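1. need coordinates for the below:
(4 chains)
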There are 2 protein chains.
Amino acid sequence: MPSMKDVARLAKVSISTVSRVINQNIPVDENTRLRVHGAIEKLNYKPNLLAKGLRVKSGQLIGFVIPELKHPAFINIISYVEEFVVEKGFILIVGNTHYDPDIEERLIDNLIRRNVDGIIVTRVSDESRVLKIIEKSRVPVVVIDRELALQEVSGVILDNYKAGVIAAQHLAGLGHEKVACITGPLNIKLCRDRLNGFRDTLKSCRIELRENNIYEGDFKYESGLEAIRYYLSNNIMFSAIWAQNDLMAVSALKALIENKIKVPQDVSLMGMDDLEIARMVTPSLTTITQPFREMSRTAVEIIFEQRAHPGPVQKIVLEPNLVIRDSTRYMK
Amino acid sequence: MPSMKDVARLAKVSISTVSRVINQNIPVDENTRLRVHGAIEKLNYKPNLLAKGLRVKSGQLIGFVIPELKHPAFINIISYVEEFVVEKGFILIVGNTHYDPDIEERLIDNLIRRNVDGIIVTRVSDESRVLKIIEKSRVPVVVIDRELALQEVSGVILDNYKAGVIAAQHLAGLGHEKVACITGPLNIKLCRDRLNGFRDTLKSCRIELRENNIYEGDFKYESGLEAIRYYLSNNIMFSAIWAQNDLMAVSALKALIENKIKVPQDVSLMGMDDLEIARMVTPSLTTITQPFREMSRTAVEIIFEQRAHPGPVQKIVLEPNLVIRDSTRYMK
DNA sequence: TTGTAAGCGTTATCAT
DNA sequence: ATGATAACGCTTACAA
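-> Numbers count the residues shown, from 1 in each chain, chains lettered A, B, ... in the order given. Here you go, the predicted structure:
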């Protein structure tokens, strides 16, 4: 790999001149500029990013820390974030914590030691610990998709209460009165928010969401199967189900079909996230979209803003939307 | 962020001594060792990886270049590769080329400029160009999942012919005689290999795979829908289908169901890859697994071997396996 | 065993 | 407009 020194020698200038033509911030004679460019071409020279990063204290990279790689919703966000980051000429490093606080800490440490320009996190496992590390290093941080107790950090989140409202309105609007809900872990605030929006809105339609009809899952595939097993073995009656994510909705669908319960003829089923799989199953799934693209774009923008002129933290709230497909229909 | 200098000052030693206790390669007095460690703890010092990488010409990172992030099969590989790379104390940078040779080139360049220790690629869009760049930089490379024309680069691939054999044996064993196949792009060698294994094996069972029964898809979701539309509108008869990946199998399944064709009662359907979605649809999909974990492990190992002592390129071939689920059954 | 100093490839400050 | 030179934070001969 050629270095600036090689370019300088070939162009018969000093390395500082080479640096100047590359960074084009300081005026340089047109003639020498051309000579230098010639040498760069000829040697196929590309500046070393470690040297640059070391010097200017910017690794030209953004870190993204997630708890799990195989989760479709995360993949969605990652792919958008990557797009926007690359657009800015930076590179994205994705760190997978496997829900392990120690790995999480090592990962964030590793990023900081590479002079990251910003870190985006989703679902930190140990808020206080992680944020303390980041805080100290003065790296811009944005939390995506999860409201943190800590107030001193920027975040972009979904209006999860609203999602519950939308689900309830849709099902109530179709005339369903016996309704069930498969939730995510209720120690997570966003799950409680969704549930509250759902319950409150049903109540305002004079529909009661009975406690027994709420099954607390964990957002994983198996929860949908377990939920249906629970409902059926306890003779719980319902004509509509809202699962708080598509993964659980899809497995609930499978369990229903296997129990000869027709969707949507016998029960209406809706999910949330609008993963690709929602369109792939039969019947295709009515669901609630999260504006993943918008969330990602916003997160990246906040990072670069904070980098340019450190300002107050920002909290952005985005809106969910209803997508009607084949898995819900009018109550007979 | 504290630097070695700070540690050295606090421990009252020179920075080279600090370096020695950290890298523990050169003997250092037990007393000073403890003093230095004390200082490190106290300052919470962590070596800067850019400085280290610049000096020792190793960015402590592995690059992984893929054409598309949202593809479940790639995600599978990425997540395993990440696991093994992190295990070695390195970090993984995933670059998404969007099937664009220019982005691909920029990405690989970017990696090299960060002193990557190795690059894993899958599906390069412009073989000659990419490999030329990599070759020149002397970075260890492994191609995963795709046989390259170029012989001078290591690779780990699947025995794709064997996959076709397995599919044919399974379907023929169930008594199917009218068979169809939805392939990936046939300009890709692995697709031709799979098809040849399939066809040859059927033939040895005295079953003819008619040209009209072969639908060339592109491995994407829509291909399955299009294939079924093609078969039905051309009155092509079949009691079994092999789709060369699960994504197309899943959409074929959806199309069949929508056309009131029962799987597996009316037609048996099998896929390939064993994605999670194969278990999620109803009926769950009989498929052929690729040993993604094994492939990933091997790829990472080759990288680190080559890094330690550059040797001859390695070509590793791994075997596919049959997974029988609910979408195939005996021909009536 | 420990310290001094050169060097990795940049950028930035200061002269010229 | 250009060139020396120090500095970024680390490793590694070479001396002591």
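
2. check whether the helix or strand bottoming out on mean pLDDT in chain A contacts DNA strand D.
-> For chain A, the helix or strand with the lowest mean confidence is helix A:127-137, at a mean of 81 (criterion: mean pLDDT, DSSP states H and E). No - looking at helix A:127-137 against DNA strand D by CB under 7 Å from any atom of the strand, there are no contacts, and the closest approach is 12.0 Å. The C-beta positions use only the backbone N, C-alpha and C, and glycine is treated the same way.

3. buried ones in stretch A:64-80?
-> Neighbour counts over stretch A:64-80 (16 or more other CB atoms under 10 Å in any protein chain shown) mark A:64-69, A:71-80 as buried.

4. ok, so of these, who is nearest A:Arg123?
-> A:Pro67 (4.8 Å; CB to CB).

5. separation between the closest one and DNA strand D?
-> Look at A:Pro67 and DNA strand D: by CB to the nearest atom of the strand, to the nearest Å, they are 29 Å apart.

6. go through stretch A:10-30 and flag the buried ones.
-> A:10-11, A:13, A:17-22.

7. likewise for stretch A:52-65?
-> Quick answer for stretch A:52-65 (16+ other CB under 10 Å): A:52-54, A:58-65.

8. go back to those residues and keep what's next to chain B.
-> Intersecting the buried residues of stretch A:52-65 with the contacts of chain B gives A:53-54, A:59 (criterion: CB under 8 Å from any CB of the partner chain).

9. in TSV, list those along with distance to A:Ile103.
-> Compiled in TSV, those are given as follows (distance: CB to CB, whole Å):
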residue	distance to A:Ile103
A:Gly53	24
A:Leu54	26
A:Gly59	20
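
10. can you confirm A:Ala172 is in a helix?
-> Yes - A:Ala172 sits within a helix when classified using DSSP: H, G, I helix; E, B strand; the rest coil.

11. go ahead and confirm it touches A:Thr201.
-> Yes - using CB atoms under 8 Å, A:Ala172 is in contact with A:Thr201, at 7.3 Å.

12. between the two, who's got more neighbours?
-> Neighbour comparison, A:Ala172 and A:Thr201: the larger count goes to A:Thr201, with 22 against 19 (by other CB atoms under 10 Å in any protein chain shown).

13. for the stretch 151-300 of chain A, which residue gets nearest to DNA strand D?
-> A:Val153 (24.4 Å; CB to the nearest atom of the strand).

14. give the contact list for the closest residue to that residue other than its chain neighbours.
-> Counting by CB to CB, 6 or more residues apart in numbering or on different chains, A:Val153 lies nearest to A:Val141, which is 5.4 Å off, once chain neighbours are set aside. Residues in contact with A:Val141 (CB atoms under 8 Å, 6 or more residues apart in numbering or on different chains) are A:118-121, A:131, A:134, A:153-154.

15. these, buried ones only, as a PyMOL selection?
-> Only the buried entries of the contacts of A:Val141 go into this PyMOL selection, using 16+ other CB under 10 Å:
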select buried, chain A and resi 118+119+120+121+131+134+153+154
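
16. up against DNA strand D, what does the stretch 51-200 of chain A have?
-> Residues of the stretch 51-200 of chain A lying close to DNA strand D by CB under 7 Å from any atom of the strand are A:51, A:54-55, A:57.

17. between those, which sits nearest A:Glu294?
-> A:Lys57 (30.9 Å).

18. so what pLDDT did the nearest residue to the closest one once chain neighbours are set aside get?
-> Spatially, and ignoring its direct neighbours in sequence, A:Lys57 is nearest to A:Asn115 (5.5 Å; CB to CB, 6+ apart). pLDDT for A:Asn115: 97.

19. so A:Trp242 bridges to which residues?
-> A:Cys181, A:Met270 (DSSP bridges).

20. check contacts around the residue in the stretch 51-200 of chain A positioned nearest to DNA strand C.
-> In the stretch 51-200 of chain A, the residue found nearest to DNA strand C is A:Ala51; the distance is 3.3 Å by CB to the nearest atom of the strand. By CB under 8 Å, 6+ apart, A:Ala51 lies in contact with B:Leu54.

21. what lies in contact with stretch A:223-236?
-> For stretch A:223-236, using CB under 8 Å, 6+ apart, the contacting residues are A:180, A:182, A:212-213, A:215, A:217, A:238, A:243, A:247-256, A:259.

22. which of those residues come close to chain B?
-> Answer for those near chain B (CB under 8 Å from any CB): A:250-251, A:253-254.

23. nearest to A:Asp159 among those?
-> A:Val250 (24.0 Å).

24. so what's the gap between stretch A:240-258 and the chain middle?
-> Distance of stretch A:240-258 from its chain centroid, counting by CA atoms, centre = their mean, to the nearest Å, is 22 Å.

25. sorry, that was for stretch A:273-283
-> 18 Å.

26. circling back to that earlier point, which of the buried residues of stretch A:52-65 scores worst on pLDDT?
-> A:Val65 (94).

27. tell me the bridge partners for it.
-> A:Gly95, A:Val121.

28. touching, it and A:Ile108? I think so.
-> Yes - between A:Val65 and A:Ile108 there is a contact at 6.4 Å, judged by CB under 8 Å.

29. intersection of neighbour lists for these two?
-> Going by CB under 8 Å, 6+ apart, residues that sit against A:Val65 and also against A:Ile108 are A:95, A:119.

30. is the residue positioned nearest the centre of chain A in a helix, a strand, or coil?
-> What sits nearest the mean C-alpha location of chain A, by CA atoms, centre = their mean, is A:Ile77, with 4.0 Å. The local conformation at A:Ile77, judged by three-state DSSP, is helix.

31. just the pLDDT for A:Ile120.
-> 95.

32. same check, this time on the one 4 residues further on
-> We note a pLDDT of 73 for A:Val124 in this prediction.

33. distance of the residue nearest to A:Val153 relative to A:Gly311?
-> Going from A:Val141 to A:Gly311 by CB to CB, to the nearest Å gives 13 Å.

34. do a quick rundown of the helices in chain A.
-> A:4-11, A:15-23, A:30-43, A:49-56, A:72-87, A:101-113, A:127-137, A:160-173, A:189-204, A:221-233, A:246-258, A:277-280, A:292-308 (DSSP state H).

35. going by mean pLDDT, which of the ones you listed comes out lowest?
-> Across these, helix A:127-137 gives the lowest mean pLDDT, at a mean of 81.

36. helices or strands up against it?
-> helix A:101-113 (3 or more CB pairs under 8 Å, 6 or more residues apart in numbering or on different chains; DSSP states H and E).

37. quick one: buried residues of the helix it packs on?
-> Buried residues in helix A:101-113 (16+ other CB under 10 Å): A:103-105, A:107-108, A:110-113.

38. ditto for stretch A:141-155
-> A:141-148, A:150, A:153-155.

39. show me which residues of the stretch 51-200 of chain A sit near chain B.
-> A:51, A:53-54, A:59, A:69-70, A:75-76, A:78-79, A:82-83, A:86, A:91-96, A:103, A:109-110, A:112-115, A:137.

40. actually the stretch 201-332 of chain A, sorry about that
-> A:221, A:250-251, A:253-254, A:257-258, A:276-277, A:280-282.

41. out of those, which are buried?
-> A:221, A:250-251, A:253-254, A:257, A:276-277, A:280-282.

42. now for the buried residues of stretch A:10-30: which two are most distant?
-> A:Leu10 and A:Arg20 (16.2 Å).

43. check contacts around the nearest residue to A:Met237 once chain neighbours are set aside.
-> The shortest distance from A:Met237 to any non-neighbouring residue, by CB to CB, 6+ apart, is to A:Lys178 (5.2 Å). By CB under 8 Å, 6+ apart, the residues touching A:Lys178 are A:213, A:237-240.
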